[in-house]
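Participant: Return atomic coordinates for the entry below.
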Amino acid sequence: MAIIKTLLGKTPQLGTNCFLAENAVIIGDTLLGDNCSVWFGAVLRGDVNYIKIGNNVNIQDNAVIHGTFEKSPTNIGNNVSIAHGAIVHGCTIHDHVLIGMNAVVLDDAVIQSNSIVAAGAVVTKGTVVETGTVYAGSPARKIKEISPELIEGEINRIAANYHTYSGWYKE
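Facilitator: Numbers count the residues shown, from 1 in each chain. Have a look, this model is predicted:
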């Protein structure tokens, strides 16, 4: 069973139909929407600031979600995939976004809807990733616009797949 820990009087709140892997850790002022999945080794640490996560969000293996004390909470929209090993810290991620494997998104960055942060990218403090773009590199920079096929074929497909995968573990 996942570790769900109350801290400083705040208990994580989970929406309906969520999957939590046995070694996922969810702490403190953390809110998950409906149909979310938190995979093996992922840590959502709502200790120094809040974490709010929308519906149909998957946080894959060994990802870390955190914020900055008294400065930067973390807000994640709907239909978002946070891939393996990613770090999402004190930022805002809008709807229909893919954060790639081992990507880092730092304080006060804003990832607008229908966007991709490529694997290994480092989105530095305060960066705004524009709607419909792919950002890659370190520091992350815009490398291209996203086609409707890429939105459907990657962003939406991955989010839907992880909803399916989580169902396998609930049976």
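
Participant: Now do the contacts for Ile59.
Facilitator: With contact taken as C-beta atoms under 8 Å, 6 or more residues apart in numbering, Ile59 is in contact with 36-39, 42, 44, 53, 65, 82. Quick note: C-beta positions are derived from backbone N, CA and C, even for glycine.

Participant: Mind checking which of those land in strands?
Facilitator: Those of the contacts of Ile59 mapping onto strands are 37-38, 44, 53, 65, 82, per DSSP state E.

Participant: Which one of those residues sits in the busiest neighbourhood?
Facilitator: Ile82 (31 neighbours; other C-beta atoms under 10 Å).

Participant: pLDDT weak spots in the protein?
Facilitator: 171 (pLDDT under 70).

Participant: mind listing the helices for it?
Facilitator: Along the chain, the segments classed as helices by DSSP state H run 148-150, 157-170.

Participant: do you know how far Ile151 is from Leu98?
Facilitator: Here Ile151 is placed at a distance of 9 Å from Leu98 (C-beta to C-beta, to the nearest Å).

Participant: Could you give the bridge partners of Val129?
Facilitator: As for beta bridges, Val129 partners with Ile111 under DSSP bridges.

Participant: Report the contact partners of it.
Facilitator: For Val129, the contacting residues are 109-112, 115, 117, 123, 135, 140, 142, by C-beta under 8 Å, 6+ apart.

Participant: Buried among the residues you listed? Make that a ChimeraX selection.
Facilitator: With 16 or more other C-beta atoms under 10 Å as the criterion, this ChimeraX line picks the buried residues out of the contacts of Val129:
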select :109,110,111,112,115,117,123,135,140
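
Participant: Sort out which of the contacts of Val129 are in strands and list them.
Facilitator: Short answer: the contacts of Val129 in strands (DSSP E) are 110-111, 115, 117, 123, 135, 142.

Participant: Between which two of the ones in strands among the contacts of Ile59 is the distance greatest?
Facilitator: For the ones in strands among the contacts of Ile59, the farthest-apart pair by C-beta to C-beta is Ser37 and Ile65; their separation is 13.2 Å.

Participant: Against Gly90, how distant is the nearest residue to Ile3 once chain neighbours are set aside?
Facilitator: Once flanking residues are discounted, Ile3 sits nearest to Val25: 4.5 Å by C-beta to C-beta, 6 or more residues apart in numbering. Going from Val25 to Gly90 by C-beta to C-beta gives 18 Å.

Participant: This completes my enquiry, with thanks.
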